[in-house]
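Colleague: Can you look at this prediction? I've put the sequence above it.
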Amino acid sequence: MALRRPNPLFRNLAAKAAAVPMILATLVVFLGGTIWTVVHSFTNSRLLPRFNWVGFDQYDRLWESTRWIVSIQNLMIYGSLSLVFSVGIGLLLAILMDQKIRYEDTFRTIMLYPFALSFIVTGLVWQWILNPDFGIQSIVRGLGWESFTFNPLHDPQLVLYGLLIAGLWQGTGFVMCLMLAGLRGIDEDIWKASRVDGIPAWKTYLLIVLPMMRPVFITTLVIVAAGIIKLYDLVVAQTSGGPGNASQVPAMYVYDYMFQAQNLGQGFAASTMMLLSVLIVLIPWAYLEFGGRKHG
Amino acid sequence: MKPFKLATALVASVTLPAAAFATELDVTHWWTSGGEAAAVAEMATAFDASGNKWVDAAIAGGGSTARPIIVSRILGGDPMGAFQFNHGRQAEELIEAGLLRDITAVAEAEGWKDLINPPSLLDACTLDGKIYCAPVNIHSWQWLWLSNAAFEKAGVPVPANWEDYVASAPKLREAGILPLALGGQAWQSAGLFNVLMATIAGPDVLAKIYGEGDAELAAGEDMARVFVAAASARDMSRGSNIQDWNLATNMVITGQAGGQIMGDWAQGEFAVANLVAGEDYTCLPGLGVRSVISTGGDAFYFPVIDDPAITAAQDVLAATLLKPETQVAFNLKKGSLPVRGDVNLEAANDCMKKGLEILAAGDTMPDVNMLNTEDTNNQLNDLFVQFFQDGSITPEAAQASFVRIVETKD
């Protein structure tokens, strides 16, 4: 009796069986939910989802809404600044940590500690620190500098930077740890070789070590960017979108219209736009990252 | 079959030893501040006296936090026994979807139609001729609260109407007093505007614009005056670095601010601070321009639950809420007006009495919640919070945006 070749479909059967719940969850919850949401964004659903087709009406209204446009602008400003500064400062701190300093563990703990706090707590803490009557402004004035003014949370022009300070305070330590892990992953021999060649340390970092840390950068970028797009709790806790609509973000618009305004269609349209903007960033990146390698 | 019945009876006697026939009814509401909790306790006592059990399921954080939770519990198939909403259009779709009980039978047995004053309260509970909710109180928005101490400090008499108040604003500023306290939350800005609209343009204009979506009127002369008044209110409120309404009220209580436009629930704060109406603070219903109050308020709704015991308890609760004793005890603690014209509120203070007088004279108007859907209210919130916080928006530009919202409202 000739041996039959095993059907590749049934190889590793146990592993495949174990993956089924995850695959189902992805298909039903993520993909199914997404499609359902996108389809219902073309309806005039109010409190309850209804299938009453209205075409692009919800999108027309969305893009006519000042609040939505302000939200998008805010997210872009906050997002780009937050990305640049958290990665920049995180990297700088990691490099400083990497200088074989004493008490490194202590410093690392201190830097990472804010990350253990939720955005809600961070937001509330910074709301008080930046409050003109209790926080920094009142302390500096108490020291004798009477004309000192620092009131970012009540100034529509500055409120985003108030949020940014809190966001960076919370998130930079985490970026630092990722970067530090990346730095530690670089082979010690590289350093020895560069020292033998007499290359200054800054040049080694810039031209040799950082390019070798590319995977770490990508991981960091994805984590930080995802955090930015879903930014919600920090804003709710710190400014609740104010003063006026000056610190609104898209996620707040989605929540408010879906649940408070009892207008699911409008909320779905806004969340579809959020998904679209994520895809616009993600697809080219995924193509470059994964698509190129197969042919290479 | 018999042993099974016996077993159930035994189990029931074990789990419910205290009151054999008491039905537990969980009641969801968002009354969590000191005065509100005391008021709700009066309702619970009255309900427990009927032999049932009130299980309190309060949600902290106000209506905007509680409403989504309540709705998702009902949609998720785990409805509570009864819940509080502001009556009006908030529950419209839940009723249409058949999720809430028709309590017309209770209303007829108790004779609500003749008792409830003003009748518009019951109308707001009625859809297609059927009654779906039990109104419990009247809250009105149209109040201006003034700090007597602040005006004394500024050396101007306490104003008697909106124009005087606006005119005295520079004097207040000179004395280092914020003329008008306004919290940064969106609903407060929209509320303030709606009060200006109801008093300066008049309740008819408001009813036409919000009730019928009259965009021509919204773009007209009357509304232009309201927007100019809103712009002066904006100037007067510049420099209030606060979010919550009760912090704004607190500024009036301590004399840091001249006044605040806020609903009659602000009265509870003055009472807690032991201030006396007429001596320490002044209240002007209708901003002293037009004596009118809106008849918004709270109402209880009863989700459909397939259990005769609970249904019976719901009927008892609905009837209890509108009994004269419950109405008096509850509303005195809550600072709101009773929904029945035939109860005696001897213990009411000056401001509440002013409100009762206006109510008795019939100078009432529908609440904005009864005319607008939450969707429209949210759009108005977005517009006015922006307008009141950003001095660069002209009244004309704001009016144009307002007209667009009115045009598309449903």
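Modeller: Received the coordinates, thanks.
Colleague: and the closest residue to chain B within the stretch 1-150 of chain A, how many residues sit next to it?
Modeller: Here the stretch 1-150 of chain A gets closest to chain B at one residue, residue A:47, 4.0 Å apart by CB to the nearest CB. For the C-beta atoms, the positions are set from N, CA and C on the backbone; glycine is no exception. Using other CB atoms under 10 Å in any protein chain shown, residue A:47 has 24 neighbouring residues.
Colleague: for residue A:281, same thing?
Modeller: 11.
Colleague: Would you report the backbone torsion angles of the residue of the stretch 1-150 of chain A closest to chain B?
Modeller: Dihedral pair for residue A:47: phi -70, psi -40, per degrees, to the nearest 10.
Colleague: Pick out the residue closest to the middle of the chain.
Modeller: Defaulting to chain A. The structure's chain A has its C-alpha centroid closest to residue A:227; by CA atoms, centre = their mean the separation is 1.9 Å.
Colleague: ah, I was thinking of chain B
Modeller: Centroid check for chain B by CA atoms, centre = their mean gives residue B:297 as the closest residue, at 4.1 Å.
Colleague: That one: what's it in contact with?
Modeller: B:86, B:87, B:121, B:135, B:136, B:137, B:138, B:139, B:336, B:339, B:367 (CB atoms under 8 Å, 6 or more residues apart in numbering or on different chains).
Colleague: Considering these, which possesses the most neighbours?
Modeller: When neighbours are counted by other CB under 10 Å, residue B:87 leads the contacts of residue B:297 with 29 neighbours.
Colleague: Let me see the contact set for whichever residue of the stretch 101-250 of chain A sits closest to chain B.
Modeller: Chain B sits closest to residue A:244 of the stretch 101-250 of chain A, with a gap of 3.1 Å, by CB to the nearest CB. Taking CB under 8 Å, 6+ apart as the contact definition, residue A:244 lies against A:156, B:385, B:386, B:387, B:388, B:389, B:390.
Colleague: what does residue A:54 give?
Modeller: Residue A:54 touches A:42, A:43, A:44, A:265, counting by CB under 8 Å, 6+ apart.
Colleague: do residue B:263 as well
Modeller: B:139, B:140, B:141, B:143, B:191 are the contacts of residue B:263 under CB under 8 Å, 6+ apart.
Colleague: just curious, which of the residues you listed is nearest to chain A?
Modeller: Among those, residue B:191 lies closest to chain A (CB to the nearest CB), at 15.0 Å.
Colleague: Got phi/psi on that closest one?
Modeller: The phi/psi pair for residue B:191 (degrees, to the nearest 10) is phi -60, psi -50.
Colleague: State the number of residues packed around it.
Modeller: Each residue near residue B:191 was counted by other CB under 10 Å, and the total is 23.
Colleague: What strand or helix carries the nearest residue to it once chain neighbours are set aside?
Modeller: Nearest non-adjacent residue to residue B:191, counting by CB to CB, 6 or more residues apart in numbering or on different chains: residue B:141, 5.7 Å away. Here residue B:141, judged by DSSP states H and E, is contained in no helix and no strand.
Colleague: Show me the shaky parts of the chain.
Modeller: Let's take chain A. For chain A, applying pLDDT under 70 flags the ranges A:1-4, A:6, A:291-296.
Colleague: oops, I was thinking of chain B
Modeller: B:1-21.
Colleague: what does it have sitting close to chain A?
Modeller: B:64, B:67-68, B:71, B:75, B:90, B:92-94, B:97, B:184-186, B:241, B:243, B:373-375, B:377-379, B:382-383, B:385-390, B:401, B:404, B:408 (CB under 8 Å from any CB of the partner chain).
Colleague: Flag every residue of the stretch 51-200 of chain A that's near chain B.
Modeller: Neighbours of chain B within the stretch 51-200 of chain A, by CB under 8 Å from any CB: A:61, A:64, A:65, A:66, A:67, A:131, A:132, A:133, A:151, A:154, A:156.
Colleague: Grab the two from those residues that are most spread out in space.
Modeller: A:61 and A:133 (39.1 Å; CB to CB).
Colleague: Give me the more crowded residue out of the two.
Modeller: It is residue A:61, of residue A:61 and residue A:133, that has more neighbours when counted by other CB under 10 Å, with 17 against 10.
Colleague: Report the separation between the more buried one and residue B:233.
Modeller: Applying CB to CB, to the nearest Å, the value for residue A:61 to residue B:233 is 28 Å.
Colleague: Quick check: can you list the domain ranges of chain B?
Modeller: Taking automatic domain parsing as the criterion, chain B consists of the domains B:21-139+B:296-341, B:143-294+B:366-408.
Colleague: Nearest to residue A:83 among those would be which one?
Modeller: Among these, domain B:143-294+B:366-408 comes nearest to residue A:83, with 27.6 Å by CB to CB.
Colleague: measure that closest one end to end?
Modeller: End-to-end distance of domain B:143-294+B:366-408 (CA to CA, to the nearest Å): 30 Å.
Colleague: Can you show me the strands along the stretch 51-200 of chain A?
Modeller: Ranges of strands in the stretch 51-200 of chain A, per DSSP state E, counting those that start in this stretch: none exist.
Colleague: By proximity to chain A, which residue of chain B wins?
Modeller: Closest to chain A within chain B is residue B:389: 3.1 Å, counting by CB to the nearest CB.
Colleague: Quick check on that residue: phi, psi?
Modeller: Dihedral pair for residue B:389: phi -100, psi -20, per degrees, to the nearest 10.
Colleague: Just confirm it contacts residue B:184, I think it does.
Modeller: Yes - if you go by CB atoms under 8 Å, residue B:389 and residue B:184 touch, sitting 6.9 Å apart.
Colleague: got the residue ranges for the strands in chain B?
Modeller: Per DSSP state E, chain B carries strands over the ranges B:24-29, B:53-58, B:82-86, B:126-127, B:130-131, B:133-135, B:143-147, B:178-180, B:257-261, B:281-285, B:293-294, B:298-301, B:364-365.
Colleague: Could you spell out which stretches of chain A belong to which domain?
Modeller: Annotated domains of chain A cover A:72-240, A:249-291 [automatic domain parsing].
Colleague: got these as a markdown table, with distance to residue B:54 columns?
Modeller: Output for the domains of chain A, formatted as a markdown table (distance: least, CB to CB, whole Å):
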| stretch | distance to residue B:54 |
| --- | --- |
| domain A:72-240 | 32 |
| domain A:249-291 | 27 |
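Colleague: which of the ones you listed sits most buried?
Modeller: Highest mean neighbour count of these: domain A:249-291, a mean of 19 (counted as mean count of other CB atoms under 10 Å in any protein chain shown).
Colleague: what sits against residue B:58?
Modeller: So residue B:58 contacts B:28, B:29, B:30, B:31, B:32, B:37, B:40 (CB under 8 Å, 6+ apart).
Colleague: how about the helices in the stretch 51-200 of chain A?
Modeller: Counting by DSSP state H, counting those that start in this stretch, the segments of the stretch 51-200 of chain A that form helices are A:57-64, A:66-97, A:104-112, A:119-129, A:136-142, A:159-184, A:188-196.
Colleague: And those helices: which comes nearest residue A:282?
Modeller: Closest approach to residue A:282 among the helices of the stretch 51-200 of chain A is made by helix A:66-97 (14.2 Å; CB to CB).
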